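Peer 1: have a look; sequence and predicted model below, questions after that.
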Amino acid sequence: MKLANKLGRALSSLSLYSASHPHRVIAVIAVFTIVMAGGIFQLETSSDLVKILPRGDPNTNAALNVSRDFSIFYDSVKLHFAIDEGKWEAANAKLPYRMTQGNASDALDEVYVRALEEFCEFMASRSDTKYFINVANLVKTVNWTNSAVPGVSEPDPAAFAMPGTDPAGEVQYFYDWQGLQVDPAYDETVAPDRRCMFTMVMFDMSNMSHLGVGDATYKVIDEYREWAPEHAEFDVFDLEQIAVMGVPATDAYAAKVLGADIALLTPLAILFILVALFLAFRNPAGMMVSILVLIMSFFWTLGLMGYAKIPFSALNLAIVPLILGNGIDYSIHMVGEYIEHREKGMNAAEAFGLTGYRAGLAMFIATLTTVIGLMLMVFSPSVLMAQLGFVSAIAMIVIFLFTLTFVPALLTLTDAARFNRHDKSSWRIFPSVARFVSRRPTLGIVSLVVVTLVLTAFLPGMKMEVFGDPELNYPPGHRVRDDHDWINNVFWKNENGSVVNMIIVEGDATEPILHEYLDRLESNLVNDPDVSATQTASITRVLRGYIAIRTGTAGAIPNIALETLAPGTTYPKTQDEMKEMLDEMFDTPMANYASFLLVPEDYDITVLAFTTQQGDTFEDAERVWNNVWRVIDETNEEYGGVPPVDAKVALFGPTSFSYLFISKEMPWVNYMGIASLIAVGLILLLLTRNLQAVGAVTAVVALSSIWWYGILSIIGIGLSVTMMLPLIFIIALGSDYAVHLIWNMEHSGNREDCYGYVGKAVFFSALTDFGAFIIFANITDMMVQKAMMATAIAILITFIATMIVVPMFYPLRDKVSGQSRAMGLDSEFTEAGQG
């Protein structure tokens, strides 16, 4: 105990110094808090999911490269339009010279095609768009190829335009449409019932951010809805049903909703905490001090995130209620114990000294074990988890230091000794609970065993939730959810279980053999019965299309015939030929299509997109992952076991996110939990030299974990991406309540008093934590809702386990002997402090 006594006296001295020099301490803390608060203005709200993937993994590296170097693909969006047949007749009257057959029920009708082109022009005039992929662009492409004269002139770049509505223009449109129907790909630009259509939009990312793309897209749609009725030549879309799909749009909407949720829920959580503080202290000074510590801790945490460039997202939102809850916990312990000592007749100096010694040392142990657990997050496979672990650890240290310095200083200035002595800081209910448990150890042990065994039986049913469509995390009525559901209904007929993944190939795409490899891989994915890929797309298809029409529509016929008779005849066969052909293609309107599948200029990243069936469980994601990689490996075997030209192959998409995060992160979380528990035990053993204390804390953490997992399994909350952060915090903080109780009993000797005033402090600590997470369980994102609710349940379970298990290890003894021992220790401390 010598080391513990030295630490306790050092912490006591720090509290006494702060109480003796309040102005100096408050001024220093205020200056540093203002500096840290400056980081809040640098804080961003984002949802870059790539950062959650395990670092160092080849698939993660590929995803990072795509998001950084292939942003035109990564930051693209897809807009869907529903036709309004009631507007068709008026719009069709503006085409008196049309030669194509009119059909008001067909989205491929000329009226709707021209309307889509008009929208794209509207969008291009209001945002930094670069390319579009849609049926209107296909018409423009055919118009471009039709401008060539084989053997005389190449296609005219100026001809990449929608033909006019005059007689000559309508003739052009008619022949463009006839040429377009040669390739059935045009039919893929509309819904199966041909009443809806879409356009892909790619942006010039030199002037836009990831979230900026989403914000700009929504803004353009809203402006078009107002503009079209009065100004559009072809106002034929259902303006209320323009739906958006794409990562930038979803992330932009999520960021907006998240900001609104934080702005609403944070004040509510603070209000709840204020009510809890009033019930705990009935002391204005104590309430004010505690809430100021909370606010400053909040500023420091957000400031650290801002300076560290860690954006807020649904994945790390748990840090807000965590800091709100824990930012007040230590203040409750410090202020509550201070008032307890003043009630017993101690003067301010004696009360601060003993509080710093007991509560300070208990908080030191709790902080040390928590910080060790959080710092273990630095070694997490996920960069996001590592960053948050570091910031959270610093925040916990700051909260601890504030409690030992700012609280005594401010209590001194506010003269908090003037409290209502009739409002005791100790509650009788917790000693009564402890006495009940102490007198019935057999009943307690049997009850714990039965409850644990029952809940353990539910552990095998604990599911792991995959990362599916993020739009489904929002309830109906939200724009992203309604857009998703409408698109799913119209284009997919509510066929659940379809996911779009991408195989990323990093290598020199000027090598013809790499194109052969892509074709072989695509064919194998389509023909493999366990993958059955559909809707595949790669650069080879676009390049073949360009080769066929590069000399014009008339020249396409012999090219297609030759390719049909002798496949590969027209395709480039050398690296120089391939590069020349790619350069040529990207300098034409075909860049609209090629830029979505191959990085322009460098030609070092290409994408093979495909759709496959996948359910909503981790087992489904694992199955798809394994089957796709089996096909990749089998394809590689055809090339000597590795992809040609030293290319790197990776899988990117929903399957990758779900499988990689859960398979890599979950084992690490389990290892971290074991390491944290061992660390807690060793620290307690070192400071107390008491196996009884170690056993009590270990039992609390172990039982809490088992009960928590069992209850989550019963209520159907599975482990998911958003659950990782709360899970890590629970592991790191799960021992705190028991540590506070045990440490005070070890040093005061008066268990009756400790169960009274420390039990009350633990109760209000748990209450504020629980309340903060329950309030944040009202967040919009339904996956985060589950995480918040699960964390609140964990806090409740940990509190209950603490109040049942600790009395089994520390039963109530004779009050007189306990008080005598406590007075002896207090006297020893007071003499040492005065000396």
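Peer 2: Structure's in. What do you need? Everything numeric in this text was worked out from a predicted model, so none of it was measured. Residues are numbered from 1 along each chain as shown.
Peer 1: which stretches in the stretch 301-450 of the chain count as helices?
Peer 2: Counting by DSSP state H, counting those that start in this stretch, the stretch 301-450 of the chain has helices at residues 319-343, 348-375, 383-414, 429-439, 441-456.
Peer 1: closest one to residue 631 among these?
Peer 2: For the helices of the stretch 301-450 of the chain, distance to residue 631 was read as Cβ to Cβ. The smallest value, 29.4 Å, belongs to helix 383-414. Bear in mind the C-beta positions are built from the backbone N, C-alpha and C, glycine included.
Peer 1: buried residues in that closest one, which are they?
Peer 2: Within helix 383-414, the residues scored as buried using 16 or more other Cβ atoms under 10 Å are 383-400, 402-412, 414.
Peer 1: rewinding a little: Throw the helices of the stretch 301-450 of the chain into JSON lines and include distance to residue 660 and mean pLDDT, thanks.
Peer 2: Shown next, in JSON lines, are the helices of the stretch 301-450 of the chain (distance: least, Cβ to Cβ, whole Å; pLDDT from 0 to 100):
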{"stretch": "helix 319-343", "distance to residue 660": "23", "mean pLDDT": "78"}
{"stretch": "helix 348-375", "distance to residue 660": "23", "mean pLDDT": "83"}
{"stretch": "helix 383-414", "distance to residue 660": "13", "mean pLDDT": "85"}
{"stretch": "helix 429-439", "distance to residue 660": "45", "mean pLDDT": "90"}
{"stretch": "helix 441-456", "distance to residue 660": "29", "mean pLDDT": "93"}
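Peer 1: quick one: closest of those to residue 573.
Peer 2: Closest of the helices of the stretch 301-450 of the chain to residue 573 is helix 383-414, at 42.9 Å (criterion: Cβ to Cβ).
Peer 1: coming back round to it: including distance to residue 154, could the helices of the stretch 301-450 of the chain go into CSV?
Peer 2: Below are those laid out as CSV (distance: least, Cβ to Cβ, whole Å):
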stretch, distance to residue 154
helix 319-343, 59
helix 348-375, 64
helix 383-414, 49
helix 429-439, 88
helix 441-456, 74
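Peer 1: just the pLDDT for residue 738.
Peer 2: The model reports residue 738 with a pLDDT of 87.
Peer 1: quick one: residues contacting it.
Peer 2: Shown in contact with residue 738 (Cβ atoms under 8 Å, 6 or more residues apart in numbering): 696, 697, 700, 701, 802, 805, 806.
Peer 1: ok, 10 Å please
Peer 2: 366, 680, 684, 693, 696-701, 704, 762, 798-799, 801-803, 805-806, 809-810 (Cβ atoms under 10 Å, 6 or more residues apart in numbering).
Peer 1: residue 360 too?
Peer 2: Residue 360 sits next to 7-15, 330, 333-334, 337, 352-354, 400, 403-404, 408 when contact means Cβ under 10 Å, 6+ apart.
Peer 1: which of these count as buried?
Peer 2: Buried among the contacts of residue 360 (16+ other Cβ under 10 Å): 7-9, 11-12, 14-15, 330, 333-334, 337, 352-354, 400, 403-404, 408.
Peer 1: now stretch 290-307: average pLDDT?
Peer 2: 86.
Peer 1: quick check: which ranges of the stretch 701-835 of the chain have low pLDDT?
Peer 2: For the stretch 701-835 of the chain, applying pLDDT under 70 flags the ranges 721-722, 724-733, 813-835.
Peer 1: quick one: the helices in it?
Peer 2: Secondary structure of the stretch 701-835 of the chain by DSSP H, counting those that start in this stretch: the helices cover 724-733, 736-748, 751-753, 759-776, 782-809, 815-834.
Peer 1: what angle separates the fourth one from helix 319-343?
Peer 2: Using axes from the mean of the first three to the mean of the last three Cα atoms, to 10 degrees, the interaxial angle of helix 759-776 with respect to helix 319-343 works out to 160 degrees.
Peer 1: ok now helix 759-776, how far from the chain's centre?
Peer 2: Distance of helix 759-776 from the chain centroid (Cα atoms, centre = their mean, to the nearest Å) equals 25 Å.
Peer 1: export that helix as PDB, just CAs?
Peer 2: In PDB, the C-alpha atoms belonging to helix 759-776 read as follows (Å, rounded to 0.1, in the frame of the first residue of the first chain):
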ATOM      1  CA  GLY A 759     -23.000   4.100  -3.600                       C
ATOM      2  CA  LYS A 760     -25.000   7.200  -4.100                       C
ATOM      3  CA  ALA A 761     -22.200   8.700  -6.300                       C
ATOM      4  CA  VAL A 762     -22.000   5.500  -8.300                       C
ATOM      5  CA  PHE A 763     -25.700   5.500  -8.800                       C
ATOM      6  CA  PHE A 764     -25.800   9.100 -10.100                       C
ATOM      7  CA  SER A 765     -22.800   8.400 -12.300                       C
ATOM      8  CA  ALA A 766     -24.600   5.400 -13.800                       C
ATOM      9  CA  LEU A 767     -27.800   7.500 -14.000                       C
ATOM     10  CA  THR A 768     -26.100  10.300 -16.000                       C
ATOM     11  CA  ASP A 769     -24.400   7.900 -18.300                       C
ATOM     12  CA  PHE A 770     -27.600   5.900 -18.800                       C
ATOM     13  CA  GLY A 771     -29.700   9.000 -19.400                       C
ATOM     14  CA  ALA A 772     -27.200  10.500 -21.900                       C
ATOM     15  CA  PHE A 773     -27.200   7.300 -24.000                       C
ATOM     16  CA  ILE A 774     -31.000   6.800 -23.700                       C
ATOM     17  CA  ILE A 775     -31.500  10.400 -25.000                       C
ATOM     18  CA  PHE A 776     -29.100   9.800 -27.900                       C
END
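Peer 1: now that helix and helix 782-809, what's the angle there?
Peer 2: Helix 759-776 runs at 170 degrees relative to helix 782-809, counting by the same axes, to 10 degrees.
Peer 1: list the helices and strands helix 759-776 packs on?
Peer 2: Here helix 759-776 touches helix 247-281, helix 284-307, helix 319-343, helix 429-439, helix 736-748, helix 782-809, going by 3 or more Cβ pairs under 10 Å, 6 or more residues apart in numbering; DSSP states H and E.
Peer 1: assign a three-state SS to residue 600, would you?
Peer 2: With DSSP: H, G, I helix; E, B strand; the rest coil as the basis, the three-state label of residue 600 is coil.
Peer 1: to clarify, my last question referred to residue 200.
Peer 2: strand.
Peer 1: who touches residue 383 in this structure?
Peer 2: Residue 383 sits next to 50, 51, 52, 53, 54, 55, 56, 60, 64, 310 when contact means Cβ under 10 Å, 6+ apart.
Peer 1: now the two most distant members of the residues you listed.
Peer 2: Greatest spacing in those, by Cβ to Cβ: 56 and 310 (19.6 Å).
Peer 1: pick out whichever of those two has more residues nearby.
Peer 2: Counted by other Cβ atoms under 10 Å, residue 56 and residue 310 do not tie: residue 310 has more neighbours, with 22 against 10.
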